[in-house]
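Peer 1: can you look at this prediction? I've put the sequence above it.
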Amino acid sequence: MATGLAQKRGVIAAPDEALKSLGQNSGSAAEVELVGRVLATPAFARSPFLTRFLVYICDRKFSGRAEEISEYQIGVRALGRPDSYNPSEDNIVRNYARILRKRLEEYFAGEGRKEPLRVVIPIGHYVPIFEPNLATSGMVTEEDGNPPVTTSALIAAPDAQDEKRPRWRGLRLAGIGVGGVLAAAIGVLAFHLLHPAAPGSLNDLLWAEIFNRNRITYLVPGDSGLAMMQEITGREVHLSDYIAGDLDEKFHDFNLAAARKGMEYGFDRVANFTSKADLSIATRMAERAQTYGGRLTLCYARYMNMENFKDSNVILVGGPRANPWDELFEPESNFRMVFPVRGDGIHFDPRDFVNKSPRAGEQADYVSQIDDNQSRTYALISFLPEPAGSGNALLIEGQGMAGTQAAGDFLTDQHQMEPVLRQALRPNGSIGPFEVLLEARTVGTNEIQSRVVLERFEVAKASE
C-alpha cells in the first residue's frame, strides 16, 4: 500500500518502485549502481529529503524527461510542497540543492573516491550529470593520448538473450555488487518514504538559510572600543547616537593619561577595537560561508547603516553595549540586556538579561556573577526575522567576552544545536525563529562550561 509521499500527487509511486524505475529507464547500469551506493551512505540514510531529491532528478534524467526537472517540480514532487508552492517565496529547493552538492562532494572525496563515475549537480541547474571520476587512481584521460574511460567500458557486454530481457531483470543479473547495493538502497528509501521525518542535518538547514547565496550576509563584530568607553565613563550610547555618528562629541571631554611619555588618549585612540571572542566567531562564520556558498561581507559595527539591512541577512556579534545594532531586534526578542549603574554613574560588573515574559519555573532576571575563583555569565543566541521581513538575523550576545565565546562555541557545535533546531523546524522544512539563553561557568583557569537555561521558539513580539 502506498503511504507517505506516495499519497501525494504521485510524488513517488511506491518505495521500492522508486529505485526500480531508475533501473528500468536507465541507459547505464553503472549509473544506477552508483546512485544506489550513494543512497546507502549514512548522510542520505538519515535524510529523507536528500534521498527524495536525488531519486527524483535521477529518475527524470534516466527516463528521458530531464526537461521536467525544475525548482517547482522538485519542491512539489520530491519535497512534498503543495501545488501552490512558489519558489520565489520559499527557497527550500535551493537550500537542499546546496546540501546535496556538498554531500556528493564529500562522498567522492571520501568513501567514493575510487568510484569510476561521479554524479554532479551543476550550480544553477538541477539536472544531474554523470561523468568519469578523474580522482580515481589510474584513470585514463584524453591528456594521456587515449579517450577517457566511458560508462560502457565498465560493464560487461550482455549476450543476445540478455538484450531481450527487461532492463531491471538484466540489471539484477549484472552482479552481486549491483543487486546488493540497490537492495540496501531500496531498503533505506523505503524506510524514509514510509516514515516521513525531519531532515537529518538540521545544522545544514540553518546555515543554508543564513548563508543564502541570493542575499549578502553581513557579519558585524562588536565595537569593543565603544564598550570600553561606556564602561569607563558610565555614559550610555544607544543606536540613535551611533547612527548619528557624533561619538567624538559624546566623549569630547574624555582623556586618559598614557602610561608612557606623558601622552593622553582620547576617544579616537580606542576606536575600532574588536575582542578575541568576536574574531574567533568571525573566523568560523567565514568557514561556513565558504561551505554553503554564501556571500559574506565583514563590516565593522561603526560602518554599518540601515541600508545594509535591506534584502540581506546579518550576523551581529556582541551585546548591545559593543554592538548597538542589537537594539533593532530587541522588540522581537524575549530578552533585554541591561547594565545596572551606581549613584556615581559607573557601571557595576554584573550584567542582567531581563526575561520579558517569564514562564513557570523561569527567573525574571539572569544576572552575571564573578567571585574570586569562579564566574557565571549568560549568553543569548537569537535567530530572528529582520524588521523589514526580507531576511534573517543571527545575534550572538554575551554579558562579557566569556559569554560571547560560549555562545559562539555552542552555535557551531552541531551536536549541541541539534535538539534546539529539531524544535525550531517548521512543517515546511525551514528553520523558524528561536532564542536560546545559555549559562556559562568557569572555575579557575578551566574551560568554559555552558548549559541551556531556557528556550523560545517561533518568537513573537515580547511584551514588557
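Peer 2: The structure has been received and is ready for your questions.

Peer 1: so where's the chain uncertain?
Peer 2: Scanning the chain for pLDDT under 70 picks out 1-27, 135-200, 246, 248, 252-272, 341-349, 372-373, 386-389, 443-447, 459-464.

Peer 1: try it again with 50
Peer 2: 1-17, 23, 26, 136-200, 258-263, 265, 267, 269, 460-464 (pLDDT under 50).

Peer 1: packing partners of the strand ranked longest in it?
Peer 2: The longest strand of the chain (DSSP state E) is strand 374-385. On a contact count with 3 or more Cβ pairs under 8 Å, 6 or more residues apart in numbering; DSSP states H and E, strand 374-385 meets strand 335-338, strand 369-370, strand 392-398, helix 401-411, strand 434-443. In this view, the C-beta of every residue, glycine as well, is placed from N, C-alpha and C.

Peer 1: got the ones you listed as JSON lines, with distance to residue 31 columns?
Peer 2: JSON lines is the format used below for those (distance: least, Cβ to Cβ, whole Å):
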{"stretch": "strand 335-338", "distance to residue 31": "53"}
{"stretch": "strand 369-370", "distance to residue 31": "62"}
{"stretch": "strand 392-398", "distance to residue 31": "38"}
{"stretch": "helix 401-411", "distance to residue 31": "39"}
{"stretch": "strand 434-443", "distance to residue 31": "41"}
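
Peer 1: what helix or strand is residue 52 on?
Peer 2: Following DSSP states H and E, one finds residue 52 within helix 48-62.

Peer 1: re the thing from before, mind listing what's buried along the longest strand of the chain?
Peer 2: Across strand 374-385, burial judged by 16 or more other Cβ atoms under 10 Å covers 375-384.

Peer 1: closest to residue 243 among the residues you listed?
Peer 2: Residue 243 lies nearest to residue 384 out of these, by Cβ to Cβ, at 19.9 Å.

Peer 1: residue 435 versus the closest one, what's the distance?
Peer 2: According to Cβ to Cβ, to the nearest Å, residue 384 and residue 435 sit 8 Å apart.

Peer 1: would you map the helices across the stretch 101-250 of the chain?
Peer 2: 160-164, 167-172, 176-194, 202-210, 224-233, 239-244, 247-250 (DSSP state H, counting those that start in this stretch).

Peer 1: neighbours of residue 367, how many?
Peer 2: When neighbours are defined as other Cβ atoms under 10 Å, residue 367 has 17 of them.

Peer 1: can you report phi and psi for residue 351?
Peer 2: phi -120, psi 150 (degrees, to the nearest 10).

Peer 1: that one against residue 368, yeah?
Peer 2: Yes - in this structure, residue 351 is within contact of residue 368 by Cβ atoms under 8 Å, at 5.0 Å.

Peer 1: shared neighbours of the two, anything?
Peer 2: Here residue 351 and residue 368 have 377-378, 399-400 as joint contacts, going by Cβ atoms under 8 Å, 6 or more residues apart in numbering.

Peer 1: just these now: which is nearest residue 324?
Peer 2: For the shared contacts of residue 351 and residue 368, the closest approach to residue 324 (Cβ to Cβ) belongs to residue 399, at 16.1 Å.

Peer 1: who's in contact with the closest one?
Peer 2: Contacts of residue 399 by Cβ under 8 Å, 6+ apart are 319, 337, 351, 353, 368, 377-379.

Peer 1: try it again at 7 Å.
Peer 2: Going by Cβ atoms under 7 Å, 6 or more residues apart in numbering, residue 399 touches 319, 337, 351, 368, 377-379.

Peer 1: quick check: which element contains residue 454?
Peer 2: Applying DSSP H and E, one finds residue 454 within strand 449-457.

Peer 1: ok, that strand: who's next to it in the sheet?
Peer 2: strand 434-443 (antiparallel) (DSSP bridges).

Peer 1: how many other residues sit next to residue 287?
Peer 2: Residue 287 has 12 nearby residues by other Cβ under 10 Å.

Peer 1: for it, helix, strand, or coil?
Peer 2: Look at residue 287: counting by DSSP: H, G, I helix; E, B strand; the rest coil, its state is helix.

Peer 1: which strands or helices does the helix or strand containing residue 32 pack on?
Peer 2: Per DSSP H and E, residue 32 falls inside helix 29-39. Judged by 3 or more Cβ pairs under 7 Å, 6 or more residues apart in numbering; DSSP states H and E, helix 29-39 is in contact with helix 15-25, helix 48-62, strand 117-120, helix 176-194.
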